[in-house]
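Novice: take a look and give me a structure for this.
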Amino acid sequence: MQLSSAEQEGHADCFWFPTDPVLGYCCQLVGGSWLNNVPPGPVGHRLLVVSTQLSHCRTILRLFDDLSMFVYTKQYGLGAQEEDAFVRLVSVLGNLADQLYYPCEHVAWAADARVLHVDSSRWWTLSTALWALSLLLGVARSLWMLLKLRQRLRSPTAPFTSPLPRGKRRAMEAQMQSEALSLLSNLADLANAALAAPGAVGRPPSPWLVGLMGTISSILSMYQAARAGGQAEATTP
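Specialist: Numbers count the residues shown, from 1 in each chain. A predicted model of the protein is given here:
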């Protein structure tokens, strides 16, 4: 699962650093690649076991994320602070998808753990669909923001109108870089969501491919978290 909106905006923790998904996906990438060797050897299987256990750990830890996500969703509300109507719409829908994702995953986990006597596959399918929906909305938002920012930067200045101040231009360029990173991260996660969808592929997806997409997304998220932390420290008086 991708970072929730609460985690992305730093509401879940004062500074969240996503090292655990990087480790898990790297183990899956290396382990899956190792299985392609002839003979495959036990190292690849061991790395995949580590990756599976880390993923299971993250699923359990997300049992406690509903409240932080709810607090963020309530704070954002209907996005009255957003100037752009499209950004407001996709953000509200994305928050709703993220909020619904957690209980669906919890039910699926409980069914696998035999706490609930329901079909876990249906709940995993529903949680994957909500994940994919949230990612698609994130992709749409980033593309829209990139388009708007690019138009503002490249639009010819009208007569008697001063050009953008250097500080504002740099801030807009930094925002464009952030949106581009979010776009790439969401696309990588979306590829994994498509691979995880039932019947999306004729056979189970290769572990190394899932690990590769997850590693790309996690490293981008780690970079964004470090960058956001550096910017927060720079603006703190």
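Novice: count the neighbours of Leu153 for me.
Specialist: By the criterion of other C-beta atoms under 10 Å, Leu153 has 12 neighbours. (Each C-beta comes from the backbone N, C-alpha and C, glycine too.)
Novice: surely it touches Arg169?
Specialist: Yes: with contact defined as C-beta atoms under 8 Å, Leu153 reaches Arg169; the gap is 6.9 Å.
Novice: and the helix or strand encompassing Ala174, what does it pack against?
Specialist: Element membership of Ala174 [criterion: DSSP states H and E] is helix 166-196. Where contact means 3 or more C-beta pairs under 8 Å, 6 or more residues apart in numbering; DSSP states H and E, helix 166-196 is packed against helix 120-154, helix 207-235.
Novice: among these, which is nearest His45?
Specialist: helix 207-235 (10.3 Å; C-beta to C-beta).
Novice: next, the buried residues of that closest one.
Specialist: Within helix 207-235, the residues that count as buried by 16 or more other C-beta atoms under 10 Å are 207-221, 224-225, 228.
Novice: can you give me the angle it makes with helix 120-154?
Specialist: Taking axes from the mean of the first three to the mean of the last three C-alpha atoms, to 10 degrees, helix 207-235 and helix 120-154 form an angle of 50 degrees between their directions.
Novice: quick one: mean pLDDT for helix 207-235?
Specialist: The predicted model assigns helix 207-235 a mean pLDDT of 79.
Novice: now that helix against helix 166-196, angle please.
Specialist: 160 degrees.
Novice: so that it lines up with my notes, have the first residue be 32 from now on.
Specialist: That works, and once the first residue is 32, the last one we named lands at helix 238-266.
Novice: so how far is helix 238-266 off the chain centroid?
Specialist: 10 Å (C-alpha atoms, centre = their mean, to the nearest Å).
Novice: quick one: low-confidence ranges for the chain?
Specialist: Residue ranges of the chain with pLDDT under 70: 32-51, 68-72, 186-195, 229-235, 260-268.
Novice: ok, Val118 touching Gly110?
Specialist: Yes: counting by C-beta under 8 Å, Val118 touches Gly110, with 7.3 Å between them.
Novice: rewinding a little: which one of the helices and strands packed on helix 197-227 lies nearest to Val53?
Specialist: Using C-beta to C-beta, the nearest of the helices and strands packed on helix 197-227 to Val53 is helix 238-266, at 4.2 Å.
Novice: packing partners for that closest one?
Specialist: Applying 3+ C-beta pairs under 8 Å, 6+ apart, one finds that helix 238-266 makes contact with helix 50-65, helix 73-92, helix 197-227.
Novice: need the ones you listed in a markdown table (columns: distance to Glu136).
Specialist: Below are those laid out as a markdown table (distance: least, C-beta to C-beta, whole Å):
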| stretch | distance to Glu136 |
| --- | --- |
| helix 50-65 | 15 |
| helix 73-92 | 7 |
| helix 197-227 | 12 |
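Novice: can you tell me the closest non-neighbouring residue to Gln255?
Specialist: Leu212 (5.5 Å; C-beta to C-beta, 6 or more residues apart in numbering).
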